[in-house]
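Undergrad: How does the following fold in three dimensions:
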Amino acid sequence: MALSVALNSPGLEPIFALAPGWIGYLAVAAEQHMSLQHQPIPPPSTELERKLRERIKELNFLHHTARLLNMRGEPHDILAALIELLPTACQAPELATARIELGDLVIEAEGHRTTPWCMRVQFQVTLERPRRGFVEVCYASAPEWGPESFLPEEHALLESCAELLESYFDRTSAAQISSRLAEAEAAALAARAADRAKDAFLGNVAHELRSSLHVMRGWIQILRQGPGDPTVLARGLSILERNVLLQAKLIEDLLDLSRITSGKLELELRWLDLTDLVGYAVDAARPSAAAKSIELESELEPVGDVQGDQQRLQQVVYNVLGNAVKFTPAGGRIEVQLRKLGSHAELSVKDSGPGIEPELLPHVFDRLRQGSSPGRRGGLGLGLAIARHLVELHHGSITAASEGQGTGATFRVLIPLSKRPELDEPS
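TA: Numbers count the residues shown, from 1 in each chain. Coordinates of the predicted model:
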């Protein structure tokens with residue numbers, strides 16, 4: 001209250017001429033108050049009180065507007081809040097509505113319409129591309145105080161608001177440009193990484209083919225020299241057969257990758273007993289596990305039926321089990337578990353292999369991705385990627401977990417269960 005009394009003192013009228021802005025007025029008034037605080041208190045001046053109230057009103061409005069336009073959030077939400085705030089700066093806020101427009105962006109209060117009792121201020125956004133916009137406040141009907149609907153101070157206030165809006169839109173445009181540049185840079189980095197992965201993949205394909213063909217060619221030359229020792233002949237034929245099977249598997253994986261990429265991989269659905277299917281796959285993996293003295297244990301519960309492609313679901317189990325056998329060292333252990341989990345069947349394959357690096361774990365199912373540790377090298381890195389795609393075609397999911405190198409890895413496959421329709425009894 002002391003400030004009001006001081007501002008009502010005689011001799012303050014020249015302050016308005018010296019400091020026409022509301023900030024300058026308050027600063028000079030405060031300084032004058034300090035020098036006059038011990039002088040006799042004069043009678044109050046109604047005009048000065050009115051002007052002070054107007055300046056405080058303007059200060060509050062611009063303060064809230066500036067804070068609002070500096071908040072983080074969607075521009076539409078922020079401008080919608082500003083639309084609600086604008087009428088409070090008018091003499092009759094209950095009659096006022098507001099509108100902000102910039103290009104295709106239009107934010108307005110409900111029921112807003114342009115009337116003869118409006119004030120409008122234009123602004124221009126120059127960053128990125130020049131655009132013109134405006135902010136307007138309108139009364140729905142003629143105010144009772146006369147033809148001059150808005151005071152000069154209210155026009156000045158709207159001009160200040162337009163300047164704040166201009167700065168806000170320039171700032172958001174700059175942020176959008178920075179975001180697009182960051183996205184473009186990230187996309188370029190991803191494209192370069194994909195190119196490197198493709199180059200590495202082609203190199204791996206060439207290496208796998210060359211290595212296998214080199215072994216086959218060598219044994220063909222040995223066998224051409226004559227029948228020789230029957231033991232050598234049997235060994236040579238076994239090695240040739242194994243390499244032929246490896247070549248066939250490699251070619252089939254490449255064909256599957258092509259079908260997945262082109263979207264031409266289709267399923268032949270039928271009713272299947274998942275427990276039997278997983279059991280067959282585990283039995284098929286036992287010879288390769290025994291060759292490395294790996295202990296392969298399985299605990300398969302009856303889980304019910306699924307509707308799926310038998311060949312493709314077997315391929316999923318083969319790929320996951322084959323991955324575990326491949327990366328589990330000699331004398332290691334693999335645990336296979338099948339159980340019912342709600343409306344899904346869960347297949348879990350846990351190995352005692354080298355584990356998965358934390359940086360690789362989110363990408364273990366990506367095509368053309370392999371780990372950098374010695375225990376995770378070799379092959380084309382397609383088996384798990386193909387398995388994930390086949391699981392997703394069956395509306396399931398596959399995940400990998402590992403606590404890091406030397407801790408092994410656990411793969412979990414979830415497949416939705418189905419109930420076979422009951423056949424009608426023949427009449």
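Undergrad: And the strands in the protein?
TA: All strands of the chain, identified by DSSP state E, fall at 96-102, 105-108, 118-125, 131-139, 270-273, 295-300, 305-308, 333-341, 344-351, 397-401, 409-416.
Undergrad: neighbouring contacts of the first one?
TA: If I follow you right, that is strand 96-102. Applying CB atoms under 8 Å, 6 or more residues apart in numbering, the contact partners of strand 96-102 are 79, 82-83, 86-87, 90, 106-114, 125, 131-140, 165, 169. Glycine gets a C-beta too; all of them are placed from N, C-alpha and C.
Undergrad: Filter those residues down to the buried ones and hand me the PyMOL line.
TA: Listed next is the PyMOL selection for buried residues among the contacts of strand 96-102, using 16 or more other CB atoms under 10 Å:
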select buried, resi 79+82+83+86+87+90+107+108+109+112+125+131+133+134+135+136+137+138+139+165+169
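Undergrad: Compute the number of surrounding residues for Ile177.
TA: 12 (other CB atoms under 10 Å).
Undergrad: Check Ser211 too.
TA: A count of neighbours around Ser211, defined by other CB under 10 Å, yields 12.
Undergrad: For Glu144, see how far away it is.
TA: 95 Å (CB to CB, to the nearest Å).
Undergrad: most centrally placed residue in the protein?
TA: Glu183 (12.2 Å; CA atoms, centre = their mean).
Undergrad: Against Arg129, how distant is it?
TA: When distance is defined by CB to CB, Glu183 is 19 Å away from Arg129.
Undergrad: go on, Phe201?
TA: Distance, Phe201 to Arg129, by CB to CB: 42 Å.
Undergrad: the more surrounded of those two?
TA: The neighbour comparison of Phe201 against Arg129 (other CB under 10 Å) goes to Phe201, with 18 against 8.
Undergrad: Show the pLDDT at the more buried one.
TA: The model reports Phe201 with a pLDDT of 75.
Undergrad: ok, now Arg210?
TA: Note on Arg210: pLDDT of 85.
Undergrad: got it, and Ser427?
TA: Value listed for Ser427 in the pLDDT field: 46.
Undergrad: Any stretches of the stretch 201-350 of the chain with poor pLDDT?
TA: 227 (pLDDT under 70).
Undergrad: circling back to that earlier point, how about the strands of the chain, which one is nearest Val364?
TA: strand 397-401 (4.9 Å; CB to CB).
Undergrad: Sheet-wise, list the partners of that closest one with their directions.
TA: strand 409-416 (antiparallel) (DSSP bridges).
Undergrad: Please enumerate the helices of the stretch 101-250 of the chain.
TA: 152-224, 230-262 (DSSP state H, counting those that start in this stretch).
Undergrad: Let me have those in TSV, adding distance to Leu382 as columns.
TA: Formatted as TSV, the helices of the stretch 101-250 of the chain follow (distance: least, CB to CB, whole Å):
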stretch	distance to Leu382
helix 152-224	9
helix 230-262	5
